[in-house]
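S.K.: everything below, folded, please.
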Amino acid sequence: MNQSVLGLYFEEFEIGSEIKHALSKTIFECDNNFFSLMTMNHHPVHTNIDYAAQNQHGKILVVGTLVFSLAVGITVPDISGKAIANLGYEEVKHLNPVFVNDTIYVRTKVLDKRTSASKPDRGIVYVESVAYNQHGVDVLSFRRKVLVKRENHE
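M.R.: Predicted coordinates for the structure are as follows:
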């Protein structure tokens, strides 16, 4: 049996390549409720069926930052498993609503990479991740820069 590998080294990222992440997550009502409580987001569109039924989508919406957090987490085994740090997130876009019992999948495209100017044992990888649901509808996208270890650098 082979040991699983967490993340990629800087050299293994190829500009233009796309990774379809193996992990996925169905968002259950309890996930949305706990996240709403934990983050103090008490908006009734996330927690009140009657209120949600009388609004645009007619049912409970999953908290957008939960979808974002799950999308980031789903990418960890491939993108940031060997990361030293996430340097920044940008252009977080909520593209379509997410509802209780939707399943989230993520794909990531490598946009660019460069070696660190100050520390040659690492590099910066720039990626764009897109979360989509079980129907193939894109629901969220974001870009980030990740500081990643270089392999066998002396």
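S.K.: can you give me the helices in the protein?
M.R.: Under the criterion DSSP state H, helices of the chain are mapped to 29-38, 44-47, 49-53, 64-75.
S.K.: and the ones you listed, which is most packed in?
M.R.: Comparing these by mean neighbour count (mean count of other CB atoms under 10 Å), helix 64-75 ranks first with a mean of 19. The C-beta positions use only the backbone N, C-alpha and C, and glycine is treated the same way.
S.K.: that helix to helix 29-38, inter-axis angle?
M.R.: 110 degrees (axes from the mean of the first three to the mean of the last three CA atoms, to 10 degrees).
S.K.: what lies in contact with helix 64-75?
M.R.: With contact meaning CB atoms under 8 Å, 6 or more residues apart in numbering, helix 64-75 is reached by 19, 21, 23-25, 27, 31-32, 35, 39, 41, 92, 94, 98, 104-106, 108, 127, 129, 131, 139-140, 142.
S.K.: the residue nearest to Val5 when sequence neighbours are not counted - how many residues pack around it?
M.R.: Nearest residue to Val5, sequence neighbours excluded (CB to CB, 6 or more residues apart in numbering): Gly81, at 7.7 Å. Using other CB atoms under 10 Å, Gly81 is surrounded by 16 other residues.
S.K.: can you check the one 10 residues further on too?
M.R.: As a burial measure, the neighbour count of Glu91 was computed by other CB under 10 Å and equals 9.
S.K.: apart from its chain neighbours, what residue comes closest to it?
M.R.: Closest to Glu91 by CB to CB, 6+ apart is Arg143, at 5.0 Å.
S.K.: you'd agree that neighbour is up against Asn86?
M.R.: No - using CB atoms under 8 Å, Arg143 makes no contact with Asn86, being 11.5 Å away.
S.K.: great, nothing more from me.
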